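Q: Here you go, sequence then predicted model.
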Amino acid sequence: MKNILLFAFWFLVGLITLFLAIVLGEAGAWYLAWVLGTVMMILIAATGTVILEVDDEQDRPY
């Protein structure tokens with residue numbers, strides 16, 4: 001049952017993606033780059049924060 005729901009979820013994501021690609025046309029690539037860039041900036045900022053926190057915890061004497 002889990003595999004069927006997972007397949008249905010990704011199938012729906014694919015349909016939405018195809019619909020957006022058709023509607024957006026040539027502007028779709030720009031929107032894709034914008035979304036991926038924004039997600040990457042957030043992930044890099046979060047990773048940097050985690051690294052600094054771990055480094056700070058290792059420097060504490062207690």
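A: Yes, it's here.
Q: same for the biggest helix by length in the chain, what does it pack against?
A: Longest helix in the chain, counting residues (DSSP state H): helix 28-59. The contact analysis (3 or more Cβ pairs under 8 Å, 6 or more residues apart in numbering; DSSP states H and E) places helix 28-59 against helix 2-24. Every C-beta, even on glycine, is put in place using the N, C-alpha and C of the backbone.
Q: Thr38 and Val13, how far apart?
A: Distance, Thr38 to Val13, by Cβ to Cβ, to the nearest Å: 18 Å.
Q: no no, Met41
A: For Met41, the distance to Val13 equals 22 Å [Cβ to Cβ].
Q: Nearest to the middle of this structure, which residue? Look it up for me.
A: Val39 (5.1 Å; Cα atoms, centre = their mean).
Q: if we can go back for a sec, which positions in the longest helix of the chain come out as buried?
A: Within helix 28-59, no residue counts as buried by 16 or more other Cβ atoms under 10 Å.
Q: Just want the angle from that helix to helix 2-24.
A: For helix 28-59 and helix 2-24, the angle between their directions (axes from the mean of the first three to the mean of the last three Cα atoms, to 10 degrees) works out to 130 degrees.
Q: could you give the mean pLDDT of helix 28-59?
A: Averaged over helix 28-59, pLDDT sits at 89.
Q: Any idea how far that helix is from the middle of the chain?
A: Centre-to-centre, helix 28-59 and its host chain are 10 Å apart (Cα atoms, centre = their mean, to the nearest Å).
Q: again with stretch 20-35
A: 16 Å.
Q: ok, now stretch 16-33?
A: Relative to the centre of its chain, stretch 16-33 is centred 17 Å away, using Cα atoms, centre = their mean.
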